[in-house]
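Participant: coordinates only, sequence not included:
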């Protein structure tokens, strides 16, 4: 009789049926357990966010941990200002404005002549301008979107972008205290008002594109007093106004869904853009650094004294309450917030924190860097004199 032991065509299927069922059952149990474990991991990663960011960094940069150099190179200048736009880096100095990529190339560049270069970023755009000058450029990661010029007698004071690319420009105006203009994402005029009674330090188009908020400066009891004045972009008369502190307010942006105003005595929020909704007081401390680009929080560096490095690193929610506070005594060169990450560059190390100011990652030996920019995936660019180094947690 022929040997049929290994004959797959003549196996006795009825005899092997229980074995096949057992193997199938074992595979199904293993597969279900694998799905359960994967579900728990994904749920934790989704809730915390950092797990998914590890994958984002891996696919974007080719590895998930460690640090490495990039191809970002630029001309050294003590006046350099930096902004991260996607995978390109905007670099502004008193003589040049350029976009450089991670392969050592220059995406776009222009020669400029600025005395006080300023660079502000929101969403996927940046605005570069000369404070007290006549040049203004709006950029995205591909290059120049549009350019504006002012008359020498009516120079720029401030410029801000919202997340939709709408621009608010504050400028001096002959026969007026100041002038504020709003532009759409293509640079077309939306709204202009001239202030005859009060100086205007800054303005901002709300993210919904309905209002322009302006900070006006006046006096109360012999001291500076700031007010927020709200204009509808379809009307010339103010909608409303409210007081925002006893000092000067010099920047505005959006934190979460709230308009945020940075002043020298506190941080002010308006959740509806029609009234003051929350205030965070510095309680006598001095504001040294800040960033409004966190996910539903602002980060502040408050010093106990006008000089020195003794103070606190603080995260603040849009309800005006502290999320977390961290005492600091070491010198801090820069802070940067994006999404759920905060990069703090100390004199000799970089530390990336969460909004709860818990350490997420760190890198030592960073004495070559002068500034750090964090991305919403947790990576950070360490900016040296002529090149940038990327740190991947």
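Facilitator: Perfect, thanks for sending it. Remember, predicted model here, so these are calculated numbers, not experimental data.
Participant: and the most centrally placed residue in the chain, backbone torsions?
Facilitator: The centroid of the chain falls nearest to residue 293 when counting by C-alpha atoms, centre = their mean (3.4 Å). For residue 293, the backbone dihedrals are phi -100, psi 10 (criterion: degrees, to the nearest 10).
Participant: that one contacts residue 338, doesn't it?
Facilitator: Yes. In this structure residue 293 lies within contact range of residue 338 using C-beta atoms under 8 Å: 5.3 Å. Heads up, the C-betas are built off the backbone N, CA and C, glycines and all.
Participant: measure the residue nearest to the centre of the chain to residue 239 for me?
Facilitator: 27 Å (C-beta to C-beta, to the nearest Å).
Participant: likewise residue 206?
Facilitator: Distance from residue 206 to residue 239, by C-beta to C-beta: 11 Å.
Participant: and those two? Which one has more around it.
Facilitator: Neighbours per residue (other C-beta atoms under 10 Å) separate residue 206 from residue 239, with residue 206 holding more: 22 against 15.
Participant: just the pLDDT for the closest residue to residue 217 other than its chain neighbours.
Facilitator: Spatial nearest neighbour of residue 217, chain neighbours left out: residue 199 (4.4 Å); criterion: C-beta to C-beta, 6 or more residues apart in numbering. Per-residue pLDDT puts residue 199 at 89.
Participant: again, but for residue 28
Facilitator: Looking at residue 28, its pLDDT reads 70.
Participant: ok, now residue 278?
Facilitator: Residue 278 is assigned 95 on the pLDDT scale.
Participant: how about the contacts made by residue 228?
Facilitator: By C-beta atoms under 8 Å, 6 or more residues apart in numbering, the contact set of residue 228 is 213-216, 241-244, 249, 261, 268, 270, 276.
Participant: do residue 391 as well
Facilitator: The contact partners of residue 391, taken as C-beta under 8 Å, 6+ apart, are 67, 350, 361, 363, 379-382.
Participant: which of those sit farthest apart?
Facilitator: The most widely separated members of the contacts of residue 391, counting by C-beta to C-beta, are 361 and 381 (14.1 Å).
Participant: of those two, who's got more company?
Facilitator: Applying other C-beta under 10 Å to residue 361 and residue 381 shows that residue 381 carries more neighbours, namely 22 against 19.
Participant: give me the element that one is part of.
Facilitator: strand 380-383 (DSSP states H and E).
Participant: ditto for residue 29
Facilitator: Using DSSP H and E, residue 29 falls in helix 13-48.
Participant: ok, now how distant is the residue nearest to the centre of the chain from residue 229?
Facilitator: Taking C-beta to C-beta, one finds residue 293 at 25 Å from residue 229.
Participant: residue 280 reaches residue 263, doesn't it?
Facilitator: No. With contact defined as C-beta under 8 Å, residue 280 does not count as touching residue 263 (10.2 Å).
Participant: so for these two, which sits in the more crowded spot?
Facilitator: Set residue 280 next to residue 263 and count neighbours by other C-beta under 10 Å: residue 263 wins out with 24 against 20.
Participant: may I have the beta-bridge partners of that one?
Facilitator: Beta-bridge partners recorded for residue 263 (DSSP bridges): residue 249.
Participant: dump the residue contacts of it.
Facilitator: Applying C-beta under 8 Å, 6+ apart, the residues near residue 263 are 226, 244-245, 247-250.
Participant: could you rerun that using 7 Å?
Facilitator: 226, 244-245, 247-249 (C-beta atoms under 7 Å, 6 or more residues apart in numbering).
Participant: out of these, which comes closest to residue 155?
Facilitator: Closest approach between these and residue 155, by C-beta to C-beta: residue 248, at 19.3 Å.
Participant: quick one on the thing from earlier: can you say which of the contacts of residue 228 are buried?
Facilitator: 213-216, 244, 249, 261, 268, 270, 276 (16 or more other C-beta atoms under 10 Å).
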